[in-house]
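Asks: structure, please.
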Amino acid sequence: MKSLVNMPILVTGATGFVGSRLTEILFTKEKADVTGIGRNTDRVSHLALQGVKLKSVDLLDEDAVMDVVKGKKFIFHSAAFLDADPVAAQKVNVDATENLIRMAAEAGVSRFIHVSTVGVYDMEGLNVVDETTPLALKHLSVYPRTKAEAEFRAKKMAEKYDLELSIVRPSMIYGPGHGIWSEGMFKNILAGKPVFLGDGSAGFNPIYIDDVIDALICCAKHPRAAGEAFNISAEKTTWYDFMSHYGKLCNKKPKGLPMVIARLMAFANRLPGIKTPIDQGFIEMATSDKKFPVHKANEILGWEPKVGFEQGMRNTINWLNKEIYKK
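Replies: Numbering: from 1, shown residues only. Have a look, this model is predicted:
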């Protein structure tokens, strides 16, 4: 395993949920020379106070990106566009990723670690989804489709320039911080909004944020990670059980959206000029019972989740109570 001490590293999306925690751990525990970029560095002022170099950079500004790529040995690419705008998602998730890999190769970067998602798989009809499952390049949902295309393009570009590429595909990431599966879901429950479909009995695949960070760092340090993609997931629960932890904090029972309404909303998304938060891809994710084995990450990287679900939820609830609910 390589050491990252004093290693010049770039983290994209350093103002986001995963990127900010990754930047912090690289700087404090790995003792790396970290530069974090994002569009709003004020969101992570705590990192600046610790001494992390932060720069406000738009991934679509190629000159600005090239400037921060120069001199780096490792790049962790965690930046992504999460909303359903297909044009913006294509530019950020696909085109910017492809350009970043090209610039990394031209600048002499040793390894590129790309943060993806288990949503990239074409998993229709499958209960067990491992790394051999094809990518869903024609997925109905914008985010998984563009992330799948980003992986496809990233591999092609890395092969063209002979750049070492590792891909991490986490399931639903939760933990202390401003993530969609922690702060986002808690705020939805507070507002009385539905947070699952039907009765919430479908499988939910949570993975604690620090376990994801551990996998990402393993991909930088382990020689055998080059050219590989890894599922990163943990013990499975149900949507209702997961959301009930947040409900107990604010004494509110989490609500579900009736399936008939969800299907109508998904159908409406196909009509010109109509946008709803529910599409067919989300219905598939929220009503399935998939398993994402992590045997490959264990065998190659020696990685396994260290934070159990109950401990992870306690950590998350404590943070929410202190930083969100009590305020």
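Asks: okay, and the helix or strand of this structure with the least pLDDT?
Replies: helix 280-287 (a mean of 83; mean pLDDT, DSSP states H and E).
Asks: quick one: list the elements packing against it.
Replies: Here helix 280-287 touches strand 194-197, helix 259-268, going by 3 or more CB pairs under 8 Å, 6 or more residues apart in numbering; DSSP states H and E. C-beta here means a position set from N, CA and C on the backbone, and glycine is covered the same way.
Asks: now the strands for this structure?
Replies: 8-12, 33-38, 53-56, 74-77, 111-115, 164-170, 172-174, 194-197, 203-204, 206-208, 229-232, 237-238, 255-257 (DSSP state E).
Asks: do you know which of those lies nearest residue 317?
Replies: Proximity to residue 317 (CB to CB) singles out strand 172-174 among the strands of the chain, at 10.6 Å.
Asks: for that closest one, buried residues please.
Replies: By neighbour count on 16 or more other CB atoms under 10 Å, the buried set for strand 172-174 is 172, 173, 174.
Asks: just give me how far it sits from the chain centre.
Replies: Centroid separation between strand 172-174 and its chain, computed with CA atoms, centre = their mean, to the nearest Å, is 8 Å.
Asks: stretch 199-207 too?
Replies: Taking mean C-alpha positions (CA atoms, centre = their mean), stretch 199-207 and its chain are 17 Å apart.
Asks: of all the residues in the least confident helix or strand of the chain, which ones are buried?
Replies: 280, 281, 282, 283, 284, 285, 286, 287.
Asks: how about the last one, what does it touch?
Replies: For residue 287, the contact set (CB atoms under 8 Å, 6 or more residues apart in numbering) comprises 197, 198, 202, 259.
Asks: give the bridge partners for the first one, please.
Replies: Looking back up the chat, that one is residue 197. Counting by DSSP bridges, residue 197 forms beta bridges with residue 257.
Asks: ok, it to residue 191 distance?
Replies: Distance of residue 197 to residue 191, given as CB to CB, to the nearest Å: 18 Å.
Asks: who has more neighbours, the two?
Replies: Using other CB atoms under 10 Å as the criterion, residue 197 and residue 191 rank with residue 197 on top: 22 against 8.
Asks: and the helices in the chain?
Replies: 17-28, 45-50, 62-69, 86-89, 96-106, 142-161, 185-190, 209-221, 239-250, 259-268, 280-287, 295-301, 309-320 (DSSP state H).
Asks: flag every buried residue along the third one.
Replies: Buried residues in helix 62-69, defined by neighbour count with 16+ other CB under 10 Å: 65, 66, 68, 69.
Asks: chain center to it, what's the gap?
Replies: 23 Å.
Asks: what of the last one?
Replies: Distance of helix 309-320 from its chain centroid, counting by CA atoms, centre = their mean, is 19 Å.
Asks: tell me the buried residues in that helix?
Replies: 309, 312, 313, 315, 316, 317, 319, 320.
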